[in-house]
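Participant: got a sequence here, can you build the structure:
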Amino acid sequence: MIDKDGIVTIRITGMDGRFLLETDKEHFSFPRMFVNNVPVNNIMMIKGKNMPEFDADTGLYVITNMKNGDRIRYVGRVKMSLDYQLNIQIRDEYGTVMEERRRYFKVRSNLRCIISGHERDGTVYEYEKPVFTVIKNVSIGGVFIEGTDPPYRKDDTLLINFMVDGEVVGAMAKVLRLQLLIDGTLEGYGCEFTNVDQQMERKLANLVNGIQREQRQEQLERDDRRREAEKRIKGSG
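Facilitator: Numbers count the residues shown, from 1 in each chain. Model (predicted):
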């Protein structure tokens with residue numbers, strides 16, 4: 001059965017794997033619906049703006065990113081499609097756990113980050129001068145932070161602050177590993193959030209989705225520039 005409460009974000013693709021849209025739990029729901037007074041199960045309703053439109057009964061994949069780290073793929077069919085609403089009936093309600101089983105979907109980032117203190121062996125250290133560094137990738141579950149001098153240790157918990165939607169977010173991040181470059185120098189820290197509640201989870205999901213949209217737009221613009229350059233080269237040949 002679909003764990004509707006455990007879904008963090010969803011990704012919709014064509015049956016050929018082509019990306020179509022992605023959104024978080026603020027924009028989708030599973031309303032109770034009836035057809036001729038008969039309940040219809042597992043209808044996912046997605047709300048948005050300028051969404052792609054599909055013919056009725058178009059087959060799609062619905063990929064859910066779950067709180068426990070699983071990515072589960074379901075087979076669905078379009079029941080209603082407008083530029084502001086998409087209803088999909090999920091037919092394969094047990095789904096298929098995708099093989100990579102990544103704990104959380106991560107995106108590359110370049111977020112400025114302030115470390116204002118850390119905890120080590122039960123002792124909390126607060127800084128008079130914060131440490132400034134960069135978050136190199138982020139997910140709902142944690143961050144990869146650029147290395148600092150002096151370095152932190154495995155199992156230290158860092159108090160980090162960064163911006164999400166114009167608001168400063170404070171989070172506790174436990175250092176799970178120190179990652180080294182090939183020459184042995186410190187690249188950074190793989191950290192897991194330890195204080196994620198529903199509000200924090202929602203902010204992080206919005207942050208990850210926002211970065212994804214920006215990166216996709218940047219890729220589209222690069223592709224357009226490449227195609228234009230290829231046309232000019234062919235035209236001058």
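
Participant: need the residues that contact the longest strand belonging to the chain.
Facilitator: Longest strand in the chain, counting residues (DSSP state E): strand 123-138. Identification of contacts with strand 123-138 by CB atoms under 8 Å, 6 or more residues apart in numbering yields 106-119, 143-148, 160-162, 188, 204, 207-208, 211. C-beta here means a position set from N, CA and C on the backbone, and glycine is covered the same way.

Participant: next one: that strand to chain centre, how far?
Facilitator: Centre-to-centre, strand 123-138 and its host chain are 23 Å apart (CA atoms, centre = their mean, to the nearest Å).

Participant: all helices for this protein, in order.
Facilitator: Here the chain has its helices, by DSSP state H, at 198-235.

Participant: any stretches of it with poor pLDDT?
Facilitator: 35, 68-69, 99-105, 182, 236-237 (pLDDT under 70).

Participant: middle-most residue in this protein, spatially?
Facilitator: The structure's the chain has its C-alpha centroid closest to Val208; by CA atoms, centre = their mean the separation is 4.1 Å.

Participant: what's the burial count for the nearest residue to that one once chain neighbours are set aside?
Facilitator: Closest residue in space to Val208, ignoring its immediate chain neighbours: Val107 at 5.4 Å, by CB to CB, 6 or more residues apart in numbering. Neighbour count for Val107, taken as other CB atoms under 10 Å: 15.

Participant: what residues are bridge-paired with Val107?
Facilitator: Going by DSSP bridges, Val107 is paired in beta bridges with Val138.

Participant: same check on Ile115?
Facilitator: Here Ile115, judged by DSSP bridges, has bridge partners Val131, Ile160.

Participant: ok so, going back, gap between the residue nearest to the centre of the chain and Arg232?
Facilitator: Separation of Val208 from Arg232 (CB to CB, to the nearest Å): 37 Å.

Participant: ok, now Lys79?
Facilitator: Noted for Lys79: a distance of 46 Å to Arg232, by CB to CB.

Participant: neighbour count winner among the two?
Facilitator: Lys79 (18 against 10).

Participant: state the distance from the more buried one to Pro39.
Facilitator: For Lys79 relative to Pro39 (CB to CB), the value is 14 Å.

Participant: now swap in Gln89 and tell me
Facilitator: 12 Å.

Participant: so between those two, which is more surrounded?
Facilitator: Per other CB under 10 Å, whichever of Gln89 and Pro39 has more neighbours is Gln89, with 18 against 9.

Participant: wait, isn't the more buried one in contact with Arg77?
Facilitator: Yes - look at Gln89 against Arg77 with CB atoms under 8 Å: they come within range, at 5.3 Å.

Participant: next, count neighbours for Glu201.
Facilitator: Neighbour number of Glu201 under other CB under 10 Å is 17.

Participant: same question for Tyr125.
Facilitator: If we define neighbours as other CB under 10 Å, then Tyr125 has 10 of them.

Participant: just Gly210 next, same as before
Facilitator: 13.

Participant: OK, contacts around it?
Facilitator: Asp165.

Participant: and it, how far from Tyr189?
Facilitator: 23 Å.

Participant: can you check Phe144 too?
Facilitator: 7 Å.

Participant: mind listing the shared neighbours of the two?
Facilitator: Gln179.

Participant: and the two? Which one has more around it.
Facilitator: Tyr189 (27 against 20).

Participant: show me what the more buried one bridges to in the sheet.
Facilitator: Ile145, Leu178.

Participant: residues contacting it?
Facilitator: Here Tyr189 is in contact with Phe144, Ile145, Gly147, Tyr152, Leu158, Val175, Leu176, Arg177, Leu178, Gln179 (criterion: CB under 8 Å, 6+ apart).
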